[in-house]
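>>> Below are the sequence and a predicted model for it; my questions follow.
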Amino acid sequence: MGTGVYPINLPPRGMTVMLCDSARLLCENIMANRYKKPTKIKIVLLAAIVIGLGTIIAIYIDFRTDAKVVDRIEKSAEPDAALSVDKIQQTATRDGKKEWNLEASSGHLIDKTRQMVLKDVKVTFFLEDDSEILLTADQGILKTNTNDMEVSGNVILKNNEYKLLTDKLSYKHKRRVVFSKTPVKISGTSTQLAADSLKYDLNAKKITLEGGVATTIDEDVSL
């Protein structure tokens, strides 16, 4: 074979410039993506914070709506309380009928036991004949999952005719029954009763007294 000189065609200068421009654009894209990532992370973190705050606010608003809580929320004196509030008003209804209305000067919600610890309790029970019975006590507990109640301290249960005094009183919401296992005294216009325990069916308007029942009737009463 003979030897010879073969011409080599070099790429034009324009091609070299184009390669440089492509490399420059690639570098710019890489740098831009590097600085976009922290911005995306910041946006995600900000969204998480907003969602968290929204959840807390929603829980607070939901509690205020159900319990009709008014005034300020403050630090609780109860060690296990999740929430403490001033001035509570709550109403219980069944089948569209109002059964009782509760008011208290303060309350402490305890999640572990599903209880609301109340002070200066006032409960109005609504009966089938549209009459009312008023219950007052120094303190009480409302079980938020059943609407059952326990009150104590200067307990008074009264209507237009009678007044009952005792140290402790309980209410079972499902059966609408009020009962006391501590001594009770009942006074009316001309009659006084005393017993070791009491059971009062609100639906039937029936009172059952047990243990050491004593009755006093005014001598001026004509039968």
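Sure thing, it's come through.

>>> Surely residue 89 forms part of a helix?
No. Secondary structure assignment (DSSP: H, G, I helix; E, B strand; the rest coil) places residue 89 in strand, not in a helix.

>>> now it, which residues is it bridged with?
Beta bridges link residue 89 to residue 103 when assigned by DSSP bridges.

>>> wouldn't it be in contact with residue 100 here?
No. Residue 89 is not in contact with residue 100 according to C-beta atoms under 8 Å; the separation is 11.6 Å. Glycine gets a C-beta too; all of them are placed from N, C-alpha and C.

>>> Just want to know which of those two has more residues nearby.
Higher neighbour count among residue 89 and residue 100: residue 100, with 22 against 13, using other C-beta atoms under 10 Å.

>>> After the strand or helix carrying residue 108, which helix or strand is next?
Using DSSP states H and E, residue 108 sits in strand 97-110. Sequence order places strand 115-126 as the next helix or strand after strand 97-110, per DSSP H and E.

>>> average pLDDT across that next one?
Strand 115-126 shows an average pLDDT of 97 in the prediction.

>>> cool, stretch 190-210 as well?
Computed over stretch 190-210, the average pLDDT equals 92.

>>> end to end, how far does that stretch reach?
End-to-end distance for stretch 190-210, by C-alpha to C-alpha, to the nearest Å: 21 Å.

>>> List the buried residues in that stretch.
Residues 193, 194, 195, 197, 198, 200, 202, 207, 209 are the ones in stretch 190-210 that count as buried (16 or more other C-beta atoms under 10 Å).

>>> go on, stretch 150-158?
For stretch 150-158, the neighbour count (16+ other C-beta under 10 Å) marks 150, 151, 152, 155, 157, 158 as buried.

>>> Only the C-alpha atoms, please, for it, written as PDB.
Only the C-alpha atoms of stretch 150-158 are listed here, as PDB (Å, rounded to 0.1, in the frame of the first residue of the first chain):
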ATOM      1  CA  GLU A 150     -72.500  13.400  90.300                       C
ATOM      2  CA  VAL A 151     -72.800  16.500  92.600                       C
ATOM      3  CA  SER A 152     -71.900  17.200  96.200                       C
ATOM      4  CA  GLY A 153     -71.800  20.000  98.700                       C
ATOM      5  CA  ASN A 154     -75.000  21.800  99.800                       C
ATOM      6  CA  VAL A 155     -77.100  19.800  97.300                       C
ATOM      7  CA  ILE A 156     -80.600  21.200  96.800                       C
ATOM      8  CA  LEU A 157     -83.200  19.600  94.500                       C
ATOM      9  CA  LYS A 158     -86.500  21.500  94.300                       C
END
